[in-house]
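Participant: Mind folding the following:
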Amino acid sequence: QVHLVESGGGLVQAGGSLRLSCAASGRTFSNYGVAWFRQAPGKEREFQACINWNGGSTLYADAVKGRFTISRDNAKNTVYLQMNSLKPEDTAVYYCAADQFAYSRSAKQYAHWGQGIQVTVSS
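Facilitator: I've put the predicted structure just below:
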C-alpha cells in the first residue's frame, strides 16, 4: 500500500506560482507512475499531468501545457508539480495519484490517491 500526502497549496494571485509536492510512503515508490488531477467545485475531476516511473516521460493536459511541470525525485519519494502563470480558472482541489508503472491520463489507472490540497488563484 502506498500512502500519498500532498503539500504546497494555498492562495496566490493570478500570474503567480506554486509548487505542489506529493510525498509517498509505504512501498517502493520508484516503481510507481504518478499523476496530478484537479477538481473544481461543480466539475468533474480532470487530469493535469503524469510522469512515468523513472521520470523519463511526461504528459500534460492542454490547458496547463507550458505552464505546469511535473517532476520526481525517487530518492525523496516525492513528485512535484510546478505551477507557473497561474490563472483563476486553475482554482481547484489538486490530487496526486499513483500506481505501479502507471502512465495514463485516466484516473481509473491509479489505485492510490492523496487526500487533496486546495489551490486558490485570485484575480
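
Participant: Without its sequence neighbours, what residue ends up closest to the residue in the chain sticking out farthest from the centre?
Facilitator: Here the chain reaches farthest from its C-alpha mean at Ser123, the gap being 22.6 Å by CA atoms, centre = their mean. Of all residues not flanking Ser123 in the chain, Pro88 sits nearest, at 4.7 Å (CB to CB, 6 or more residues apart in numbering). Quick note: C-beta positions are derived from backbone N, CA and C, even for glycine.

Participant: How many residues are close by that neighbour?
Facilitator: By other CB atoms under 10 Å, 11 other residues sit near Pro88.

Participant: my guess is it contacts Ala40, does it?
Facilitator: No - counting by CB atoms under 8 Å, Pro88 stays clear of Ala40, with 10.4 Å between them.

Participant: Show me what the closest residue in space to Ala40 that isn't next to it in sequence bridges to in the sheet.
Facilitator: Leaving aside its chain neighbours, Ala40 sits nearest to Ala92 (4.2 Å; criterion: CB to CB, 6+ apart). Legend: beta-bridge partners of Ala92 under DSSP bridges are Val119.

Participant: Which residues are in contact with Ala92?
Facilitator: Counting by CB atoms under 8 Å, 6 or more residues apart in numbering, Ala92 touches 38-40, 43, 118-119.

Participant: Going through these, which ones are buried?
Facilitator: 38, 119 (16 or more other CB atoms under 10 Å).

Participant: From the contacts of Ala92, pick the one nearest Phe29.
Facilitator: Nearest to Phe29 among the contacts of Ala92: Arg38, at 21.6 Å, using CB to CB.
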